[in-house]
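Asker: Predicted coordinates and the sequence they were generated for:
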Amino acid sequence: MMRHLPTCYNPTKWVLGLMWLVIAFAGCQSQQDQAGAATPPPVGHYEGSITLAGQPAMRAALDIRHPSPGHYEAELTVPTTGTLSFVADTIFFNDNQLRLRRPARPTQVLNLTLDGDFWRGSLDLDSAKAEIILLKRGMPTPSTYRVEELAQDGGSAWLFSPSDTGTPGAALALLPDTETAPAAALWADALAREGIIVLMLPAVDSASAPLETPRLQVALNVLRATPGADTASIGVWAAGMRAAALAESMTGPGALQAAFVIIQNVSLSSGTRTALRELRNQKVPILALYGGSNATPQQALLMRNALGGRRGAPVRTYRGAGPDLLVPNALSTRFGPGLPNEVVAWLHSQ
């Protein structure tokens, strides 16, 4: 489901657009509704395999659900390569042809043709294409999470919210930079599957505390209003320059209030060091992550010193991964060693 916000992506208009979402939670129609009386996709649970030429087959499952009148959603699950799994809130189905495009990652597309109880087709990702065949096994499994696009000029925000809202859980605003943006949807999916609500903001190529503060404030308000969010456990994960801007926006007069902070690949200027020390004095939990060329012992030592020099300070380096904390793989990148479990465990401990 997509909500269209008639705003440009600048701090003021972005704030007004998301405030409109929070205050005037207006109903909207899915693209399935707009299509009128089109043939609905076949609801069910399908199992099979994905095969890339020259590679071992991977188990896969597809669930097509009908959660509300006029609305359908689908979920692809690849247990051995979690970065391929995703939930699609919009289904394109016509003349036995099914097409699913991954939210916030448009280069990953599932194209299938219905043949009796079978789906046959391909999973396309960037320039790679893998064959996929699935057989109907019964009714769909329960939904893992739902995803919603908050559309606007200049980029979309995406809300990943677990389906089970009975037990309040952590929530975070995810602020990628241009280097980590392609992996942001993979992280949002992985965290949502562990019960963590994620609001993924569009990437920006520059950041400062004055620019980030207003849109971050509204993002935190959106998360507080999301069903299932523990309002005492709402934080922010920011990368690169946005991480430095985040730290500075949480100190001084009119500072943002967040329950925890994850900073990724942050460079330590004197201003950032000062801000981080103040956050530690305020006892704000901070997890620092470094990947790729940033993941050096020297960088980890500098960050530990900035966090007060305590042994065991939560600074994690992943030298075998890229800046996005992923490692290359045949069809899709994978999470670096120990990920996403180490991040999930830290979040659940807060």
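Answerer: Cool, the structure landed.
Asker: Touching, Gln108 and Asp124? I think so.
Answerer: Yes - the pair formed by Gln108 and Asp124 meets the contact definition of Cβ atoms under 8 Å, at 7.2 Å. The way it works is simple: take the backbone N, C-alpha and C, and place the C-beta from them, glycine included.
Asker: Under the pLDDT cut-off, which ranges of the chain? List them.
Answerer: Scanning the chain for pLDDT under 70 picks out the ranges 1-38, 152-154, 310-312.
Asker: next one: the longest helix along it to chain centre, how far?
Answerer: Using DSSP state H to define each element, the chain has its longest helix at helix 209-224. Between the centre of helix 209-224 and the centre of its chain there are 17 Å (Cα atoms, centre = their mean, to the nearest Å).
Asker: Pull out the buried residues from that helix.
Answerer: Buried residues in helix 209-224, counted by 16 or more other Cβ atoms under 10 Å: 209, 211-223.
Asker: what's the answer for stretch 99-116, then?
Answerer: When neighbours are counted by 16+ other Cβ under 10 Å, the buried residues of stretch 99-116 are found to be Leu100, Arg101, Arg102, Pro103, Ala104, Arg105, Gln108, Val109, Leu110, Asn111, Leu112, Leu114.
Asker: Please apply the same query to stretch 240-254.
Answerer: Along stretch 240-254, these residues count as buried under the neighbour rule (16+ other Cβ under 10 Å): Gly240, Met241, Arg242, Ala243, Ala244, Ala245, Leu246, Ala247, Glu248, Ser249, Met250, Thr251.
Asker: Just the helices from this protein, written as ranges.
Answerer: 11-23, 31-34, 181-192, 209-224, 241-249, 270-281, 297-306, 341-348.
Asker: wait, Pro162 sits on Tyr145?
Answerer: Yes - contact status for Pro162 versus Tyr145: in contact at 4.6 Å, counting by Cβ under 8 Å.
Asker: Need the overlap of contacts for the two.
Answerer: Listed contacts common to Pro162 and Tyr145 are Ala192, Arg193; contacts here mean Cβ atoms under 8 Å, 6 or more residues apart in numbering.
Asker: Mind splitting the chain into its structural domains?
Answerer: The chain is divided into the following domains under automatic domain parsing: 39-138, 145-348.
Asker: taking those together, which one is wrapped up most tightly?
Answerer: Comparing the domains of the chain on average neighbours per residue, with mean count of other Cβ atoms under 10 Å, the densest one is domain 145-348 at a mean of 19.
Asker: quick one: terminal-to-terminal distance for that one?
Answerer: End-to-end distance of domain 145-348 (Cα to Cα, to the nearest Å): 18 Å.
Asker: residues touching Val284, list them.
Answerer: For Val284, the contacting residues are Met250, Ala258, Ala259, Phe260, Val261, taking Cβ under 8 Å, 6+ apart as the criterion.
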